[in-house]
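Asker: model this:
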Amino acid sequence: MLKCKKTHNSTLTYMQLGRKVMRAIIELMRPKQWSKNFFVFAAIIFSGNFLHTSVLENNILTFILFCMTSSTIYVLNDIVDVEKDKCHPDKKNRPIASGRISKNKAITLDILLFILVICLTYIFLNTKILLVFLVYIIVNIFYSFKLKNIVIIDVMTIAFGFVLRVESGSIATGVQVSPWLFLCTILLALFLGLNKRKSEIVTLKDKSSSSRKILEKYSIENIDKMLTIVNPSVLMAYCLYTFSSTQSKNMMFTIPFVLYGILRYEYLMDKENIGGKPEDVFQKDIPFLVNILIWIIVVIVIIYFKL
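Answerer: All right, here's what the predicted structure looks like:
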């Protein structure tokens, strides 16, 4: 009986450890940040092809594989930044920094993810999308080791990642994306990236340089000046996109939602410093989320009901 109890208890312990490791692995892959990969659907939505089943299937698969691709970079970042993350008030709780996953296990996971992405993309999609994924990985490897420490280039590299998301969706859909939509994507990514840097400076205060080297090269005043250029540029680019839309000129009626979104985001930055994690704005701020949902509904109604 005693042996049975010991065996049962040890089995439970192994199961509990397994669950903890699995949770840590999932957390390491940062599924909350996969929301960024919805940019993959830009081409299919704005081209009016969202209801075409075969095209949509390709887009969904591209989205899933881009999530896996971005996770390879998130894991790499945590491996490279483990010592710096230990000094960060929030990032110290990440799986590697907190010791829940060893560095060697994280490296093994990253290699497996990379191999899986290459194989699945080659089998189920095409070499053009595979090339986009490889460019994304290569650029972000440079970002992890060098580019993230070069002022302005760091946020421009992040913006380039969003362009690649849109491009992968364009290839999967077989639709040429408007240059204005690409410009909107670049400027929106710069908007998010600069606000993220601003939030990190505010959060870390005097410890910013020890946690992230790049932050000592930025200042809140400097970022605010950059945002005075980027913010109106985002709105202007979107306006020009709607005016030149091949789907419907009524797309201009979606402009107020974009304007509100920009203003609401800046309000949340100033009042609650919530911009350090852009995904939190989408998940926690109800007015912002409602605005996004209404914008999506209006866009779909205009494009798909031919208004």
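
Asker: for Gly193, give me its contacts.
Answerer: 154-155, 158-159 (Cβ atoms under 8 Å, 6 or more residues apart in numbering). Every residue, glycine included, has its C-beta placed from N, CA and C.

Asker: correction: Asn77
Answerer: By Cβ under 8 Å, 6+ apart, the neighbours of Asn77 are Ser144.

Asker: which helix or which strand is home to it?
Answerer: Using DSSP states H and E, Asn77 falls within helix 53-80.

Asker: tell me which residues in stretch 50-60 are buried?
Answerer: By neighbour count on 16 or more other Cβ atoms under 10 Å, the buried set for stretch 50-60 is 50, 55-56, 58-59.

Asker: check the residues you listed and tell me the two furthest apart.
Answerer: The most widely separated members of those, counting by Cβ to Cβ, are Phe50 and Asn58 (12.1 Å).

Asker: which helix or strand contains Ile115?
Answerer: helix 103-124.

Asker: next SSE downstream of that helix?
Answerer: Past helix 103-124, the next helix or strand by DSSP H and E is helix 127-145.

Asker: and that following helix, what does it pack onto?
Answerer: Here helix 127-145 touches helix 53-80, helix 103-124, helix 153-173, going by 3 or more Cβ pairs under 8 Å, 6 or more residues apart in numbering; DSSP states H and E.

Asker: give me the buried positions along that helix.
Answerer: In terms of neighbour count (16+ other Cβ under 10 Å), helix 127-145 has its buried residues at 129-130, 132-134, 136-137, 139-140, 143-144.

Asker: now what about that helix, what contacts it?
Answerer: Counting by Cβ under 8 Å, 6+ apart, 62, 65-66, 69-70, 72-73, 76-77, 80-81, 114, 117-118, 121-122, 147, 154, 157-158, 160-161, 164, 167-168, 171-172 sit against helix 127-145.

Asker: who wins on neighbours among the contacts of Gly193?
Answerer: Val155 (24 neighbours; other Cβ atoms under 10 Å).

Asker: verify the stated contact: that one with Leu190.
Answerer: Yes - between Val155 and Leu190 there is a contact under Cβ atoms under 8 Å: 5.8 Å.

Asker: anything in contact with each of these two?
Answerer: With contacts defined as Cβ under 8 Å, 6+ apart, no residue is shared by Val155 and Leu190.

Asker: residues touching Lys86, list them.
Answerer: 92, 97.

Asker: what does the one 3 residues further on give?
Answerer: Contacts for Pro89 (Cβ under 8 Å, 6+ apart) come out as 203-204.

Asker: so how far is Ile294 from it?
Answerer: Pro89 is 35 Å from Ile294, where distance means Cβ to Cβ, to the nearest Å.
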